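Q: sequence plus predicted model, see below.
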Amino acid sequence: MFTDTHCHILKEYYENIEEIIDRAKKNGIMKMIVNGIDRKSNEEVLELQKKYDCIYAAIGFHPENISDFQENDLQQIENNISSIVAIGEIGLDYHYEPCDKEAQQNLFESQLQLAEKYHKPVIIHSRDATQDTINILKRHPNVKGCLHCFSGSLETAKIYVSMGFKLGFGGVITFKNAKLKEIIKAVPLDTLLLETDSPYLSPEPKRGTKNEPANIRHIANFIADELKLDIRELSEVTEANVKALFDI
Ligand code: NI
């Protein structure tokens with residue numbers, strides 16, 4: 001049994017969401033944390049959560065959608081705070097130039113303030129923005145969370161771990177990625193979370209197809225092999241980590 005701690009099971013990506021959920025459950029993926037990225041997807045995530053017991057909502061405003069963001073949108077998080085398991089997906093993304101770093105930092109900061117105020121964990125996206133992400137998180141030492149789709153260096157992983165954050169690993173680790181394999185072996189087991197980031201980043205042997213939560217089993221098999229755990233042990237470890245971070 002596993003939880004997909006980060007996916008985007010949304011209508012724009014899947015014709016038949018019911019089928020995606022069924023297939024996940026048949027593969028032992030009994031819980032899915034679906035992440036919103038903007039007002040519309042947040043609304044959809046909240047609806048999905050009402051409809052399916054296995055779906056848990058994370059809502060937030062992603063840095064890539066910053067041009068559509070309006071200040072009063074944050075109200076959507078506060079209005080739904082008691083029904084969500086996390087504020088996410090939020091963070092910093094400096095990958096595409098030009099980007100308004102200051103606006104992204106302000107948006108990230110204001111969502112961390114909500115996390116602090118309401119004691120909610122955060123699900124963080126950080127791309128090409130490691131130092132600023134760390135600096136901003138250090139200003140909020142009470143906020144817990146995870147770095148979703150972690151792809152930084154071992155040194156960066158250790159900094160996040162020392163700050164109490166967990167690290168999400170998904171399909172990328174199966175792409176003969178020596179660096180990530182080294183990291184999962186070096187960080188404490190109680191920091192590991194599994195995720196697909198569906199519909200993106202399908203793991204081997206499904207690489208190139210649309211990703212879905214059922215594919216957690218490929219990621220889990222791969223990581224269990226690397227860590228020399230059996231799949232049951234990995235499930236126990238990662239499910240305990242899910243429970244430690246999220247109220248689900
Ligand atoms: Ni995502």
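A: Arrived safely, thanks for sending.

Q: double-check that Gly91 belongs to a strand.
A: Yes. Looking at Gly91 with DSSP: H, G, I helix; E, B strand; the rest coil, it is inside a strand.

Q: Asp132 is in contact with that one, correct?
A: No. Contact criterion C-beta atoms under 8 Å: Gly91 and Asp132 do not qualify, at 9.8 Å. Any C-beta I mention is one placed from the backbone N, CA and C, and that applies to glycine too.

Q: more crowded one of these two?
A: Each of Gly91 and Asp132 has its neighbours counted (other C-beta atoms under 10 Å); Gly91 has more, 29 against 17.

Q: and stretch 223-242, what's its mean pLDDT?
A: Averaging pLDDT along stretch 223-242 yields 98.

Q: equivalent analysis for stretch 177-197, please.
A: 96.

Q: show me which residues of the chain sit near the ion.
A: 89, 197 (C-beta under 5 Å from the ion).

Q: what about 6 Å?
A: Taking C-beta under 6 Å from the ion as the criterion, the chain approaches the ion at residues 6, 8, 35, 89, 197.

Q: among the residues you listed, who's most crowded?
A: The most crowded member of the residues of the chain next to the ion, judged by other C-beta under 10 Å, is Asn35 (30 neighbours).

Q: now for Ile118: which residues touch it?
A: If you look again at residue 118, you'll see it is Tyr, not Ile. 78, 81 (C-beta atoms under 8 Å, 6 or more residues apart in numbering).

Q: how much space separates it from Leu92?
A: Distance of Tyr118 to Leu92, given as C-beta to C-beta, to the nearest Å: 21 Å.

Q: so what pLDDT did Thr3 get?
A: Reported pLDDT for Thr3: 98.

Q: what about it, how many residues nearby?
A: Counted with other C-beta under 10 Å, Thr3 comes out at 25.
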